[in-house]
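1. sequence and predicted model, in that order:
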Amino acid sequence: MKLTRLKVFASVAENKSFSKAAKELYISQPAVSIHINKLEKELGVLLLKRSEKNVELTPAGMVLYKYARRVIDLIAEAETEINSINGEIQGRLTIGATLTIGEYVLPQIIGSFKQLHPRVEILLQVQNTEVIVEELLSGHYDLALIEGLCTNPKIQKKKYLDDEIVLIASRDHPWSKRGCISLEEACAGKLILREPGSGTRQITEIALKNAGIDIQTLNILMELGSSEGIKAAVSANLGAAFISKWTLEKELKLGLLSIVEIEGFSIPRSFNFIYSINRNLLTFPAREFIKFCEGQGKKLLQDIADYK
């Protein structure tokens, strides 16, 4: 079996689409079909079930995918390990990140990592936690960083940074003048929340439930898909919001927003690396990126915070 055909097959299996695989591999869709047909002919089995909506693996296809993924990962690992002998890291590194991490934590780290290792091609994709986990298990990411919970047994998790979800209000809001309110007051006020499926929303709801709050009784004014949108709405005094403390540095320095303490209530959380346990090894660039994040990356984030 040719390696090229295995790569095409793995891409179709992970994307569940011939057209998406063609786009990912920068080849034509007919070329994808030719590779798959030749592979099926060579093995004498049907590997994929085609339908109008998507493509699914047959039992034989599931077996081949397991080994194809292993072969592809091992070859990539060998290539990058050999390059590392000369102190050079190269290859492709695809990272999934949830919104807060992708917008406020990773850009500076990726920029510095690229300066040290210019031959590593990095692709960062920002999604909510549910999508990140699904895409990671499909093989679209080498690793991911999430702020939400993940209990999937196929996912391995490693803590990176501490965070806290806090309640914010505009400086003109009555709560800002008081500084501290009860949890019952917070839940009765007009709230602006992240969209369902986001890590911030998930952990906020769990913390409220654990405190005895019925989520259905919350006075939710609107749900927004970005931290910037939430901060803009809160700045306009449309309501208060639960949001990551990592997103607030500029607004707090400028006095645009205030953190409102909730008596006897807090929502600590962590940012975590996650990766699939179904893949034999993290690629060499992925391992080096994690090491960079834990060392120079943390120092970089601290230096930026101190500078600002």
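-> Sure, I can see it. Numbering: from 1, shown residues only.
2. give the contact list for the most centrally placed residue in the chain.
-> Within the chain, the residue whose C-alpha comes closest to the C-alpha centroid is residue 97; the distance, by C-alpha atoms, centre = their mean, is 2.4 Å. For residue 97, the contact set (C-beta atoms under 8 Å, 6 or more residues apart in numbering) comprises 105, 106, 124, 125, 126, 127, 132, 144, 145, 146. Where you see a C-beta, it was placed from the backbone N, CA and C, and this is true even at glycine.
3. are any of those residues buried, and which?
-> Of all the contacts of residue 97 considered here, the ones buried according to neighbour count by 16 or more other C-beta atoms under 10 Å are 105, 106, 124, 126, 127, 132, 144, 145, 146.
4. and the helix or strand encompassing residue 100, what does it pack onto?
-> In this assignment (DSSP states H and E), residue 100 forms part of helix 99-104. If you count contacts as 3 or more C-beta pairs under 8 Å, 6 or more residues apart in numbering; DSSP states H and E, helix 99-104 packs onto strand 120-126, strand 143-146, helix 227-235.
5. for residue 296, which of those is the nearest?
-> Residue 296 lies closest, by C-beta to C-beta, to one member of the helices and strands packed on helix 99-104: strand 120-126, at 14.8 Å.
6. average pLDDT across the closest one?
-> Over the span of strand 120-126, the pLDDT mean works out to 92.
7. hmm, who's touching it?
-> Contacts for strand 120-126 (C-beta under 8 Å, 6+ apart): 89-99, 102-103, 106, 110, 113-114, 135, 140-141, 285, 289.
8. would you show me how to pick out the buried ones of these in ChimeraX?
-> The ChimeraX command for the buried members of these (criterion: 16+ other C-beta under 10 Å) is given here:
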select :89,90,91,93,94,95,96,97,98,99,102,103,106,110,113,135,140,141,285,289
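9. got the angle between the helix or strand harbouring residue 107 and strand 120-126?
-> Under the criterion DSSP H and E, the helix or strand holding residue 107 is helix 106-116. With axes from the mean of the first three to the mean of the last three C-alpha atoms, to 10 degrees as the criterion, the two stretches helix 106-116 and strand 120-126 enclose an angle of 170 degrees.
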